[in-house]
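**Student:** only geometry, no sequence info:
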């Protein structure tokens with residue numbers, strides 16, 4: 001599960017490409033029999049986002065690589081909204097895109113990854129998501145409230161999350177594996 005904070009497309013593609021090539025080469029030398037990649041649900045439906053471009057490169061390298069693999073595309077984590085506001089917050093005000101997401105608890109993702117890692121390679125696994133759609137702005141407000149943080153939220157499209165991500169683009173496809181932990185249950189643990 002690798003990540004990158006680059007906002008430039010070329011930088012994200014280079015980072016994910018370099019780390020993935022290094023991992024695959026090391027795994028091949030070590031005789032690793034199963035490479036499990038945590039990816040993003042809807043990665044193939046979003047253009048113009050640097051992070052998604054980097055993850056597509058990572059997926060391409062894994063699928064063409066020498067190590068048997070499983071790719072697990074997950075929706076955004078429950079703490080994604082608060083993370084986004086932390087990126088944009090200035091003097092108590094943060095911008096946040098009005099995205100519709102179906103967030104998943106990080107612990108649920110960890111359980112699914114552990115289950116898959118101990119099994120045989122499966123190729124592309126179905127998308128995994130939390131049990132219900134949420135509005136990202138509302139998630140940010142509720143998470144900040146639960147953590148005792150006073151942040152004024154300004155819903156707006158940005159360079160990171162533009163209108164191409166509007167509507168149901170980020171929601172999981174039919175047949176997704178739905179994890180049990182709701183956003184409300186996760187949020188109750190944040191207090």
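**Tutor:** In hand now; what should we look at? Bear in mind that the values here come from a model prediction, so they are computed numbers and not experimental data. Numbers count the residues shown, from 1 in each chain.

**Student:** What lies in contact with the helix or strand hosting residue 12?
**Tutor:** Taking DSSP states H and E as the criterion, residue 12 maps to helix 9-30. Outside helix 9-30, the residues within contact range by C-beta atoms under 8 Å, 6 or more residues apart in numbering are 2, 4, 6, 35, 50-51, 53-55, 57-58, 61-62, 65-67. Quick note: C-beta positions are derived from backbone N, CA and C, even for glycine.

**Student:** From those residues, keep the buried residues only.
**Tutor:** Buried members of these, counted by 16 or more other C-beta atoms under 10 Å: 4, 6, 35, 50-51, 53-55, 57-58, 61-62, 65, 67.

**Student:** right, and out of those residues, which lies closest to residue 113?
**Tutor:** Of all the buried ones among the contacts of helix 9-30, residue 35 has the smallest distance to residue 113: 12.0 Å, by C-beta to C-beta.

**Student:** ok, that closest one - contacts?
**Tutor:** 23-24, 27, 62, 65, 67-70, 121.

**Student:** out of the buried ones among the contacts of helix 9-30, what pair is the most spread apart?
**Tutor:** For the buried ones among the contacts of helix 9-30, and using C-beta to C-beta, no pair is farther apart than 50 and 67, which are 26.0 Å apart.

**Student:** okay, which residue of the chain is out on the far edge from center?
**Tutor:** residue 29 (29.0 Å; C-alpha atoms, centre = their mean).

**Student:** looking at it, residue 70 is touching residue 34, isn't it?
**Tutor:** Yes: counting by C-beta atoms under 8 Å, residue 70 does reach residue 34; the two are 6.9 Å apart.

**Student:** more crowded one of the two?
**Tutor:** Set residue 70 next to residue 34 and count neighbours by other C-beta atoms under 10 Å: residue 70 wins out with 19 against 16.

**Student:** beta partners of that one?
**Tutor:** residue 36, residue 123 (DSSP bridges).

**Student:** Next one: it, what pLDDT does it get?
**Tutor:** As predicted, residue 70 sits at a pLDDT of 97.

**Student:** ok, now residue 138?
**Tutor:** For residue 138, pLDDT reads 96.
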